[in-house]
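Novice: sequence? don't have it. structure:
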């Protein structure tokens with residue numbers, strides 16, 4: 001799920017849905033009739049939907065990435081295509097024509113970032129090379145930005161094992177690489193300094209010793225950033241408590257926010273994949289610790 005100006009975008013049964021929590025309206029978009037079909041020995045990846053907003057025309061658009069690849073080797077014979085939907089009366093899915101430098105890719109399950117009229121996500125053209133894909137809501141053009149190989153030099157198969165997410169840092173695109181956070185208490189921040197030249201700078205963050213216990217032996221995923229730039233981290237699995245972590249990249253400080261009132265039955269599940277099973281009548285109390 002990704003959120004822009006209060007509108008939530010998510011998918012269910014491969015269809016995009018838009019929910020407005022203020023009005024409690026739910027909009028289900030029609031299914032995409034993709035031009036690429038998986039053949040024998042190939043698999044079709046789940047379509048990824050992203051919502052963006054053009055402040056000039058005050059228009060919302062969804063972009064969808066559809067990809068297929070072989071089962072063995074993973075991400076072999078990769079093909080992808082993109083569709084865009086303008087949220088307006090009579091809107092329909094329209095196929096995006098990519099530029100000449102386009103690389104077929106599979107979107108990462110993590111790493112989404114929306115800023116103004118540009119939607120960005122991390123993707124894999126193969127098992128070993130990562131890219132950042134930018135989609136301009138106004139012009140409907142895709143741009144592919146290479147990611148430095150140094151980011152994942154220690155990964156055997158980066159597309160499977162790398163823990164990295166796309167965020168915004170000081171108004172710039174950045175990659176928060178946190179593969180070593182639970183074992184070494186460190187994370188790397190790669191900031192895109194020049195989009196046209198694909199120039200990245202690196203900053204290494206080391207947790208304070210007194211905060212190491214907050215991340216030890218815990219698999220974390222990035223769930224976004226706050227308005228003041230803190231990275232929101234959440235455990236993939238919950239076993240006894242429901243909480244999130246705020247990582248302040250400026251002061252290199254980690255804060256834990258515990259959420260009370262979660263049913264005990266949740267802690268037997270990978271709750272981030274079972275959000276629909278929650279009783280709608282449950283109420284939460286948020287406590288900062």
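Specialist: Yes, it's here. Keep in mind it's a predicted model, so treat the numbers as computed, not measured. Residues are numbered from 1 along each chain as shown.

Novice: tell me which stretches of the stretch 101-250 of the chain form strands.
Specialist: For the stretch 101-250 of the chain, applying DSSP state E, counting those that start in this stretch gives strands covering 106-115, 118-124, 131-136, 142-146, 164-169, 172-177, 186-194, 199-206, 220-225, 231-235, 242-248.

Novice: with respect to residue 95, which of those lies nearest?
Specialist: Put simply, out of the strands of the stretch 101-250 of the chain the one that sits nearest residue 95 is strand 142-146, at 11.8 Å, with distance taken as Cβ to Cβ. To be clear about C-beta, it is placed using only N, CA and C from the backbone, and glycine gets the same treatment.

Novice: contacts for the closest one?
Specialist: 82, 96, 98-99, 101-103, 105, 129, 131-136, 173, 192, 195, 198 (Cβ atoms under 8 Å, 6 or more residues apart in numbering).

Novice: what is the distance between it and the centre of its chain?
Specialist: Distance, stretch centre to chain centre, for strand 142-146: 16 Å (Cα atoms, centre = their mean, to the nearest Å).

Novice: likewise for stretch 156-168?
Specialist: For stretch 156-168, the distance to the chain centre is 11 Å (Cα atoms, centre = their mean).

Novice: buried set for stretch 44-58?
Specialist: Going by neighbour count (16 or more other Cβ atoms under 10 Å), the buried part of stretch 44-58 is 45, 47-54.

Novice: quick check: end-to-end length of that stretch?
Specialist: This stretch, stretch 44-58, spans 34 Å end to end (Cα to Cα, to the nearest Å).

Novice: got it, and stretch 10-26?
Specialist: 11 Å.

Novice: what residues does that stretch touch?
Specialist: Stretch 10-26 is touched from outside by 1-2, 6-9, 27-31, 46-47, 49, 51, 62, 64, 85, 87, with contacts defined as Cβ under 8 Å, 6+ apart.

Novice: can you tell me which of the residues you listed are buried?
Specialist: Buried subset of the contacts of stretch 10-26 (neighbour count, 16+ other Cβ under 10 Å): 2, 7, 9, 29, 47, 49, 51, 62, 64, 85.

Novice: just give me the lowest mean pLDDT stretch among the strands of the stretch 101-250 of the chain.
Specialist: Lowest mean pLDDT within the strands of the stretch 101-250 of the chain: strand 106-115, at a mean of 78.

Novice: contacting residues around that one?
Specialist: Looking at strand 106-115 with Cβ under 8 Å, 6+ apart, the contacting residues turn out to be 2, 4, 45, 48, 50-53, 65, 67, 69, 75, 78, 80, 119-124, 130, 133, 159, 164-168, 173, 175, 221-222.

Novice: are any of the contacts of strand 142-146 buried, and which?
Specialist: Here, 16+ other Cβ under 10 Å leaves 82, 96, 98, 103, 105, 129, 131-136, 173, 192 buried among those.

Novice: got a markdown table for the strands of the stretch 101-250 of the chain, with distance to residue 15 too?
Specialist: Conversion of the strands of the stretch 101-250 of the chain to a markdown table gives the following (distance: least, Cβ to Cβ, whole Å):
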| stretch | distance to residue 15 |
| --- | --- |
| strand 106-115 | 17 |
| strand 118-124 | 19 |
| strand 131-136 | 20 |
| strand 142-146 | 22 |
| strand 164-169 | 25 |
| strand 172-177 | 29 |
| strand 186-194 | 33 |
| strand 199-206 | 36 |
| strand 220-225 | 23 |
| strand 231-235 | 26 |
| strand 242-248 | 29 |
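
Novice: select only the buried ones of the contacts of strand 106-115 in PyMOL?
Specialist: Listed next is the PyMOL selection for buried residues among the contacts of strand 106-115, using 16+ other Cβ under 10 Å:
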select buried, resi 2+4+45+48+50+51+52+53+65+67+69+75+78+80+119+120+121+122+123+124+130+133+159+164+165+166+167+168+173+175+222
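
Novice: next step: the buried ones among the contacts of stretch 10-26 restricted to helices.
Specialist: Counting by DSSP state H, no part of the buried ones among the contacts of stretch 10-26 is found in helices.

Novice: what would these look like in CSV with pLDDT and distance to residue 147?
Specialist: As requested, the buried ones among the contacts of stretch 10-26 are exported to CSV (pLDDT from 0 to 100; distance: Cβ to Cβ, whole Å):
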residue, pLDDT, distance to residue 147
2, 80, 20
7, 90, 29
9, 92, 24
29, 95, 30
47, 91, 23
49, 93, 22
51, 92, 24
62, 94, 25
64, 94, 22
85, 96, 28
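
Novice: any chance of these in a markdown table, plus distance to residue 92?
Specialist: As requested, the buried ones among the contacts of stretch 10-26 are arranged in a markdown table below (distance: Cβ to Cβ, whole Å):
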| residue | distance to residue 92 |
| --- | --- |
| 2 | 21 |
| 7 | 19 |
| 9 | 17 |
| 29 | 9 |
| 47 | 16 |
| 49 | 15 |
| 51 | 16 |
| 62 | 11 |
| 64 | 12 |
| 85 | 7 |
